[in-house]
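Sharing a model that was predicted from the sequence below.
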Amino acid sequence: MAQLLPLSRAARLAGVTRGELQKRLRDEGIETFEGKITVTRLLSLYPDADLESDPVFERIQKIKADARPKRDYTDGLLPEPEVLMTRLKEVNAVLTRTKSSLNYAEQVLKETLQRLAHARSLVGATKLQATDELRDWLEHKVSTEMPHHDARAALFARDAFLKVLAPSVRVLSTGHEFFVEGRDSLLEAGLKAGLHLQYGCASGNCGACKARLISGKATQIRPHDYVLGAREREAGYLLACSWTAVTDLVIEAIEARTPAELPIQEVRAGVDRIERLADDVAILRLVTPRTNTLRFMAGQSVTLTDEDDNSAAYPLASCPCDGRHLQFFVRRREGNRFSAAVFDGSLATQVVHVQGPYGDFVLREDNTAPIVFVATGDGIAPIKSLVEHAISIDTAPWMHLYLVDDAPWLSNVCNLCRSWHDALDHFRFTLLPAGTTVPEIVDAIGADHADVASSLVYVAGPPARVEELAADIRRLPDCSEGSPRVMLCEV
């Protein structure tokens, strides 16, 4: 039976993004089976894939740095992480050779059966001659060296190695997949991958992250106070915040797919720090209690209220993969008492009431089309959150961010965007001066992307400019007026 690989795993093995692999499959007209692809088909698409080189192998130093001190190992059974990784790599090489031998033996056996069937159909001297030829052929095959490189065997061994270091998890209800790496729990790994799994305290007290194990093996990595009933345990239920994957898993878990499926929450957060970027711009960083983090989707907003009952609404500028550390860009506004508390320092010692999330300016996570992001003015906050989430879920074949603002306070944001541009093959960043007109912005988009009509466009910024941008983008060639593929956020 042909070996099937999930698309997420296949993309890793081929050294490409999942979005790039999905685009290749669409372009080639190749159908998948339940979101999986055969090893043979993957190798036909990427015959030059370097199966020996894997960034996982280069993680030795990171694992060593993150490892517990040697004195913490009380049983003395585990070697140093660097030694363990080196041994695993050697096991991987042995597995490759063994699988190659099995593949070769399977091929010889298949051809032997075909030759035997042919010999049986003959009679007399011809049958005897065919039998002698079969014997000679088998002797030759046994004495002949196996091929030095077997791509299928290398792929098989590398897949097995990745399963040890990063088992995959598929959520049955949505089909979403993610990898569990390092010491992450199922919940932590899912959130890092951009999934909107249901959870509450994330520390084993409330039971909101309860999930059911359908297939595979999981293990508990930390105790939890929430008690699962005997019937729940028998049915395979576990707490995602306290368990991790041992093998590839399939689980049943509650996952929000639309903004409407996320509840409005009320969280009391402390002020981590306030960073003044300019006289009238600051970054407000809040941290929630470990037992009450915020669930939100990238691009959404919340209402912040200080202890003096001063309120203001702000889009989140942070990734939903971390609902505990929240980031906001705050601009000094005339008559806005909440922003005044940010800039006069009085907010620094207060507890901030966070209510939300609100809004439907979010990623269409089932989208596999290219994405264009356009941020003007304060629109950088929701766009930054969207980009970080899009990078996490890795479904878009390419992304291009246009930032229309060259204010000095944006230097850190620009550096972050340039780092994405340098590190990701499918991400581009273009910085345009603040004085760039709407027609000039749209001309730049049209010049860069002749197929913008097939893209999903997210535009965020001041209301008047956002509306004008959206209208002009829809007038580009092949874009019809009122196209639903342009998403707007007025900040």
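Good, I have the coordinates.

Which helix or strand lies directly C-terminal to the helix or strand bottoming out on mean pLDDT in the chain?
Every helix and strand in the chain was compared by mean pLDDT, DSSP states H and E; the lowest is helix 60-66, with a mean of 44. Once the chain leaves helix 60-66, the next helix or strand it forms, by DSSP states H and E, is helix 81-120.

Once you drop chain neighbours, what's closest to residue 96?
Excluding its sequence neighbours, the residue lying closest to residue 96 (CB to CB, 6 or more residues apart in numbering) is residue 157, at 4.0 Å. Every C-beta, even on glycine, is put in place using the N, C-alpha and C of the backbone.

Between helix 81-120 and the helix or strand hosting the one you found, find me the angle.
Assigned by DSSP H and E, residue 157 belongs to helix 151-165. With axes from the mean of the first three to the mean of the last three CA atoms, to 10 degrees defining the directions, helix 151-165 sits at 140 degrees from helix 81-120.

Show me what counts as buried in helix 151-165.
Neighbour counts using 16 or more other CB atoms under 10 Å place 151-159, 161-163, 165 of helix 151-165 among the buried residues.

just stretch 281-298 next, same as before
For stretch 281-298, the neighbour count (16+ other CB under 10 Å) marks 281-286, 288, 292-298 as buried.

What is the nearest of these to residue 215?
For the buried residues of stretch 281-298, the closest approach to residue 215 (CB to CB) belongs to residue 295, at 26.8 Å.

Was I right to think that closest one contacts residue 201?
No. Applying CB atoms under 8 Å as the test, residue 295 and residue 201 come out as separate, 11.8 Å apart.

quick revisit: adding pLDDT, write the buried residues of helix 151-165 out as TSV.
As requested, the buried residues of helix 151-165 are exported to TSV (pLDDT from 0 to 100):
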residue	pLDDT
151	78
152	76
153	77
154	76
155	75
156	77
157	72
158	72
159	73
161	69
162	69
163	71
165	75
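
What is the nearest of these to residue 421?
residue 162 (27.4 Å).

Paired strands for the helix or strand containing residue 270, with orientation please.
Secondary-structure element containing residue 270, defined by DSSP H and E: strand 265-278. Strand 265-278 has the following strand partners under DSSP bridges: strand 281-287 (antiparallel), strand 351-358 (antiparallel).

Report the next helix or strand after the longest one in sequence order.
With elements assigned by DSSP H and E, the helix or strand that comes after strand 351-358 is strand 371-376.

Determine the set of other helices and strands touching the following helix or strand past that next one.
Using DSSP H and E, the next helix or strand after strand 371-376 towards the C-terminus is helix 380-393. Applying 3 or more CB pairs under 8 Å, 6 or more residues apart in numbering; DSSP states H and E, one finds that helix 380-393 contacts strand 311-315, strand 325-331, strand 371-376, strand 399-404, helix 411-423, strand 456-461.

Next, work out how far apart residue 445 and residue 384 are.
Distance from residue 445 to residue 384, counting by CB to CB, to the nearest Å: 19 Å.

who's more crowded, those two?
Using other CB atoms under 10 Å, the more surrounded residue of residue 445 and residue 384 is residue 384, with 27 against 20.

pretty sure the more buried one contacts residue 413?
Yes. Using CB under 8 Å, residue 384 makes contact with residue 413 at a distance of 6.7 Å.

For residue 8, which non-adjacent residue is closest in space?
The nearest residue in space to residue 8 (CB to CB, 6+ apart) is residue 177, at 4.4 Å.

Kindly reformat the strands paired with strand 265-278 as JSON lines containing distance to residue 303.
Output for these, formatted as JSON lines (distance: least, CB to CB, whole Å):
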{"stretch": "strand 281-287", "distance to residue 303": "13"}
{"stretch": "strand 351-358", "distance to residue 303": "5"}
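
Please tabulate those in JSON lines and include distance to residue 12 and mean pLDDT as additional columns.
What follows is the strands paired with strand 265-278, written out as JSON lines (distance: least, CB to CB, whole Å; pLDDT from 0 to 100):
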{"stretch": "strand 281-287", "distance to residue 12": "33", "mean pLDDT": "96"}
{"stretch": "strand 351-358", "distance to residue 12": "31", "mean pLDDT": "96"}
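
Nearest to residue 429, out of these?
Per CB to CB, nearest to residue 429 of those: strand 281-287, 19.8 Å.

relative to helix 411-423, how tilted is the closest one?
70 degrees.

who are the neighbours of the next helix or strand along the chain from strand 281-287, in terms of helices and strands?
Under the assignment DSSP H and E, the closest C-terminal helix or strand after strand 281-287 is strand 301-305. Applying 3+ CB pairs under 8 Å, 6+ apart, we find strand 301-305 packed against strand 311-315, strand 351-358.

who wins for proximity to residue 85 among these?
Short answer: strand 351-358, nearest of the helices and strands packed on strand 301-305 by CB to CB, at 40.3 Å.

If you count neighbours, what's buried in that closest one?
Burial within strand 351-358, assessed by neighbour count using 16+ other CB under 10 Å, is assigned to 352-358.

got a list of contacts for it?
Strand 351-358 is touched from outside by 259, 262, 264-271, 286, 288, 294-297, 300-307, 313, 316, 326, with contacts defined as CB atoms under 8 Å, 6 or more residues apart in numbering.
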